[in-house]
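Asks: Next input, structure requested:
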Amino acid sequence: MSRIGKHPVPLPKGVTATVEGQKVHVKGPKGELDRVLHPAMKVSLKDNQISIERPSDEDFHKALHGLSRTLVANMVEGVTKGFKKELELIGVGYKAEQRPYGLQLAVGFSHPVKYEAPKGIKLSAPQPTSIIIEGANKEIVGQVAAELRGIRPPEPYKGKGIKYVGEQIRRKAGKAGKVGAK
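Replies: Numbering: from 1, shown residues only. Coordinates of the predicted model:
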């Protein structure tokens, strides 16, 4: 049995869930999320807990069991606490400005880069060199963080670029110069 999949997902106070076949709908203080799980998994809601069962002990079903349970748990956590990712900009003149549509970034290009926030995502720039991404859906928060980082990924020589807070950048030595020139 899947160690993760066998545990039911408890619903905290203020969170409601409905299960219709394979579709799970979770509503809480931070928003609403929907997901359709794999047809092989059996989803049920009883005693304010969502439990997931698998049809057999095949490796494929074992993997789906743990995955499905984790996806539902992330939905419940997202509508109660929400998810957050932080990025930092490193480089001279690199800055992020909050705009009504999302963010405007100055990251060493000849023009400012505009990034529009998807629905359900809150982008903020408390300082010019930091970006905070918040939302209820863990996948979309991670995708937005990856897209923002992809605008100007950190380079290995000076470390300039957009990186996750706490990310270690592997640095390379620059040119060694001429040795023994004649």
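
Asks: tell me, what residue is most central in the chain?
Replies: Among the residues of the chain, the one closest to the centroid is Gly142, at 2.2 Å (C-alpha atoms, centre = their mean).

Asks: any idea how far Lys85 is from that residue?
Replies: Between Gly142 and Lys85 the distance, using C-beta to C-beta, to the nearest Å, works out to 7 Å. Every residue, glycine included, has its C-beta placed from N, CA and C.

Asks: next one: Tyr115
Replies: In terms of C-beta to C-beta, Tyr115 sits 14 Å off from Lys85.

Asks: quick one on the thing from earlier: shouldn't the residue nearest to the centre of the chain be within a helix?
Replies: Yes - the assignment for Gly142 is a helix, going by DSSP: H, G, I helix; E, B strand; the rest coil.

Asks: And the strands in this structure?
Replies: 9-10, 16-20, 23-28, 31-36, 42-46, 49-53, 83-90, 95-99, 102-106, 113-116, 121-124, 130-135, 161-164 (DSSP state E).

Asks: want to throw these into CSV with mean pLDDT, distance to Thr70 and mean neighbour count?
Replies: Listed next are the strands of the chain as CSV, based on pLDDT from 0 to 100; distance: least, C-beta to C-beta, whole Å; neighbours: other C-beta atoms under 10 Å:
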stretch, mean pLDDT, distance to Thr70, mean neighbour count
strand 9-10, 93, 9, 16
strand 16-20, 93, 16, 15
strand 23-28, 94, 13, 19
strand 31-36, 94, 11, 15
strand 42-46, 92, 13, 15
strand 49-53, 93, 10, 19
strand 83-90, 96, 14, 18
strand 95-99, 95, 32, 17
strand 102-106, 94, 29, 18
strand 113-116, 95, 29, 13
strand 121-124, 94, 21, 16
strand 130-135, 96, 18, 20
strand 161-164, 96, 21, 19
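
Asks: For Arg152, which of those strands is the nearest?
Replies: strand 161-164 (4.7 Å; C-beta to C-beta).

Asks: Who are the packing partners of that closest one?
Replies: Packed against strand 161-164, as judged by 3 or more C-beta pairs under 8 Å, 6 or more residues apart in numbering; DSSP states H and E, are the following elements: strand 83-90, helix 138-151.

Asks: and these as CSV, adding distance to Leu45?
Replies: As requested, the helices and strands packed on strand 161-164 are exported to CSV (distance: least, C-beta to C-beta, whole Å):
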stretch, distance to Leu45
strand 83-90, 23
helix 138-151, 21
